[in-house]
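Undergrad: Sequence below, structure please.
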Amino acid sequence: MLTPAFALSQDDGFVTILLQCPYIRAQDVELFVEDEVFKFSVRPYFLRLTFPHPVIDDGRESASYDIGTGELIIRLPKKTPGQFFEDLDLLTSLLTNNKKAPRGDKLAEPKILMMQDTDEAYGSEPNDDVSEWDEPNPLFDEPSLTGFGYGFNNQYNDTTSPLHRRQRRVEVEDARFDEDRYMGDYVEDDVVCRLVAMETSYHRVWRHHHQSSARDNTGIGVTVAPDDVIDQHRTRKPATSLEIDTLPTSPALSSSLPPSSQDITALTSRMELTSLTDSSTSLPTPASSPDRVKPSERTLTFTLEEQQTMRNLPKKQYFISDAKALYVGLVDILYAYCLDYRITEGEHTSESPVLIGKLSGSMSCLDTFTSAREVLTACYRRSLVYPLYRNFALSVSAHRDVTTLFRLGRRGILKALLSIKGLMDHDDRTYSLSRLWVDDYAVWIQTRASDKVIASLADKLSDIVIEKSDVGWNLEAYERLALELLEEYGDEDAENFPVEE
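TA: Next up is the predicted model:
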């Protein structure tokens, strides 16, 4: 069965679902509604959504099918009028059956709890104590009953211990550090200065988000969507519309209340609706809710390609053994992405997926990080070993970039992860890295990650300052030597520095 392209919108009383299902028999459509669960079925499509709050079938529900465009619009009444349904743009979270899995990270043993199927099986609210980011956990050299692990949540078995991986990572970094290359980039810094001064796209999004929050004076709370966003709509030719009066399964959706023009306008704004035979352009772009949206949702929208990627992600639930390691490991991967983004000036190259894999200690060395300072120190070290430009100021800029991504919350992080996935999936050298880390992170950030924990980690990343002495290579001495050589040789003969090829 195929999962149809879909988008959702809401007002105070209804959730409206727009499905793109061309060439179907309207009389064969089957719908099912029970609490948070919605099911849609008609050959060759099947869709199951789990909403954050319950919907009901009380006679006010309706559905209509547009034969000309292949659009099926379904309106479901909210059980509690006025209740805001969060995260309707995070498609994977809707497709995942997480009804009994409130976001939290302290989970117990998986097998017994899956059989119990209780709310406690999925954990409670995470501990948001910021001070915990400072306390690294010890790395053990003795295997547990299940052996050593690697990958997302250490779900794959290995024979090397975390302590051995850490030692090997440090040894390789020390061996590969090139002091001549570092001094050359320190003196010839014209390109580096331009890269450091560049404003990235997510910095612009954060600035717009911050301005919106200040203007609304509500922080990141629920606000009213701007009129210019709501009023945007697609000009379309009139087409024959078929109302679905009788459905073969309960509950039957009545056609007595057709979708309002406001719902249709909100759902079809910025949507490119074409035949599903065109896989890359068939996905509708989710529109802003016509009543209330968060500033982060208002400034961060997902492209058609990103929506399709979210629909194709695995529908999984996770029993997290070490939530702190997951969040800190995410810093490692996003730092690598941010540094490559800045070096390539936002235009990723064919070598970007390989560089991201090399810059990430988690991916290239299977290292496990347990504190914010620990992971940033490793990121700084690798940023001075592998990229084309090796300058400490560039490392600091990437640090600022990853902090901004975390301040943007789950949507900003998700967009970065989807970008990494798009790069790695199309490279044979990094395809396995995407399967081991990125796919699961992209699902987890939508379904299980905590906004409070992400915000606290962003604050911690902002507070941490990595000094040149922290990387362990006496960078200040090399910089003084580079300046002395520059004074000795002069600007014109800078190319004659004794730098190894």
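Undergrad: residue boundaries of the strands in the stretch 51-200 of the chain?
TA: 62-66, 71-77, 148-150, 156-158 (DSSP state E, counting those that start in this stretch).
Undergrad: out of these, deepest packed?
TA: For these, average neighbour numbers computed from mean count of other C-beta atoms under 10 Å are highest in strand 71-77, which has a mean of 24. Glycine gets a C-beta too; all of them are placed from N, C-alpha and C.
Undergrad: Parallel or antiparallel, which strands does that one pair with?
TA: Here strand 71-77 has these sheet partners by DSSP bridges: strand 14-20 (antiparallel), strand 62-66 (antiparallel).
Undergrad: Nearest residue to A336 in space, please, no chain neighbours.
TA: L359 (3.5 Å; C-beta to C-beta, 6 or more residues apart in numbering).
Undergrad: I'd assumed L339 was in contact with the one you found.
TA: Yes: contact criterion C-beta atoms under 8 Å: L359 and L339 qualify, at 6.0 Å.
Undergrad: hey, what's in contact with both of these two?
TA: Contact with both L359 and L339 is made by residues 383, 387, according to C-beta atoms under 8 Å, 6 or more residues apart in numbering.
Undergrad: now the helices for the stretch 1-150 of the chain?
TA: 91-95, 110-116 (DSSP state H, counting those that start in this stretch).
Undergrad: Ok, the stretch 351-500 of the chain next?
TA: 352-359, 361-365, 372-383, 392-407, 409-425, 431-433, 439-447, 451-463, 475-489.
Undergrad: What residues sit buried inside the last one?
TA: The neighbour-count criterion (16 or more other C-beta atoms under 10 Å) identifies 475, 478-479, 482, 485-486 as the buried residues of helix 475-489.
Undergrad: Can you pick out the most distant pair from these?
TA: Spanning the widest gap among the buried residues of helix 475-489 are L475 and L486, at 16.2 Å by C-beta to C-beta.
Undergrad: Counting neighbours, what do you get for the spatially closest residue to D189 that is not a sequence neighbour?
TA: Distances taken as C-beta to C-beta, 6+ apart put N391 closest to D189, at 6.4 Å, once the chain neighbours are dropped. When neighbours are counted by other C-beta atoms under 10 Å, N391 registers 22.
Undergrad: Check V55 too.
TA: 23.
Undergrad: again, but for S383
TA: S383, neighbours per other C-beta under 10 Å, totals 25.
Undergrad: which stretch among the helices of the stretch 351-500 of the chain comes nearest L91?
TA: helix 439-447 (8.1 Å).
Undergrad: Buried residues, the closest one. List them.
TA: 439-447.
Undergrad: any chance of these in a markdown table, plus distance to V354 and pLDDT?
TA: Putting the buried residues of helix 439-447 into a markdown table (distance: C-beta to C-beta, whole Å; pLDDT from 0 to 100) gives the following:
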| residue | distance to V354 | pLDDT |
| --- | --- | --- |
| D439 | 18 | 95 |
| D440 | 21 | 95 |
| Y441 | 19 | 96 |
| A442 | 20 | 96 |
| V443 | 24 | 95 |
| W444 | 24 | 95 |
| I445 | 24 | 94 |
| Q446 | 27 | 93 |
| T447 | 29 | 91 |
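Undergrad: That's all I had, so thanks and see you.
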